[in-house]
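Chemist: The amino acid sequence is not available; the structure is as follows:
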């Protein structure tokens with residue numbers, strides 16, 4: 001049989017990964033080890049030319065203040081976030097592919113003041129000349145403990161999908177707490193910094209060709225067929 005695949009990201013992303021995995025021929029076990037919770041925030045002063053969104057969670061957990069910004073165009077990290085913005089009534093000015101930094105690079109030469117609505121833990125960005133970014137924290141990812149029965153599932157060869165550095169570090173810590181041997185577990189990470197956050201000692205650690213869900217699932221499909229279990 002092929003290597004079992006496990007998704008540990010918070011809901012509703014975890015269920016979305018499971019559904020997307022089926023389209024790639026993967027049966028993924030949902031095991032969310034985090035919960036997304038809203039954080040109270042207030043609008044910064046001044047006018048903005050658009051919203052910079054790295055996740056649909058900014059819309060799900062941004063509260064009523066987000067609705068007051070519906071007249072601002074959205075610069076979305078990817079199609080999932082762009083689709084969530086359109087459903088909320090926003091116009092999407094640009095949809096990235098490959099992370100927010102790559103999206104900003106595509107905006108080089110423009111003069112924009114953008115409001116970035118994101119999580120408590122955000123990837124630092126280097127804005128091109130002419131682009132100013134104001135940041136607010138609208139949600140946070142709260143780690144959830146790995147339960148004993150869940151840990152038991154990981155005491156056999158498995159492939160775990162890593163979507164963030166925080167989840168990678170938390171997963172590694174929970175494996176240590178439950179004495180789950182990392183040499184039996186392979187990791188597929190969305191980006192190199194996420195793979196690095198997981199530490200060492202795993203059976204295999206590989207990174208997606210680009211930081212998109214589709215690329216991560218393609219990598220997972222390749223990895224779970226490369227390493228089969230009896």
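Modeler: Sure, I can see it. Computed from a predicted model, the values in this text were never measured in an experiment.
Chemist: Let me see the contact set for residue 94.
Modeler: By C-beta atoms under 8 Å, 6 or more residues apart in numbering, residue 94 lies in contact with 75-76, 103, 106-107. Just so you know, the C-beta spots here come from the backbone N, C-alpha and C atoms, and that holds for glycine as well.
Chemist: Quick check on it: phi, psi?
Modeler: Main-chain dihedrals, residue 94, degrees, to the nearest 10: phi -160, psi 140.
Chemist: Just give me the neighbour total for residue 17.
Modeler: If you count neighbours by other C-beta atoms under 10 Å, residue 17 ends up with 23.
Chemist: er, residue 64 I mean
Modeler: Neighbours around residue 64, by other C-beta under 10 Å: 6.
Chemist: try the one 3 residues further on
Modeler: Other residues lying near residue 67 total 12 when counted by other C-beta under 10 Å.
Chemist: Which pLDDT does the model give it?
Modeler: Note for residue 67: predicted pLDDT of 91.
Chemist: circling back: between the contacts of residue 94, which sits nearest residue 22?
Modeler: residue 76 (24.3 Å; C-beta to C-beta).
Chemist: what bridges to the closest one?
Modeler: Counting by DSSP bridges, residue 76 is bridged to residue 53, residue 95.
Chemist: where exactly do the helices run in this structure?
Modeler: Taking DSSP state H as the criterion, the chain carries its helices at 13-23, 57-60, 64-67, 79-87, 100-106, 148-153, 165-177, 192-197, 213-226.
Chemist: Done for today, thanks.
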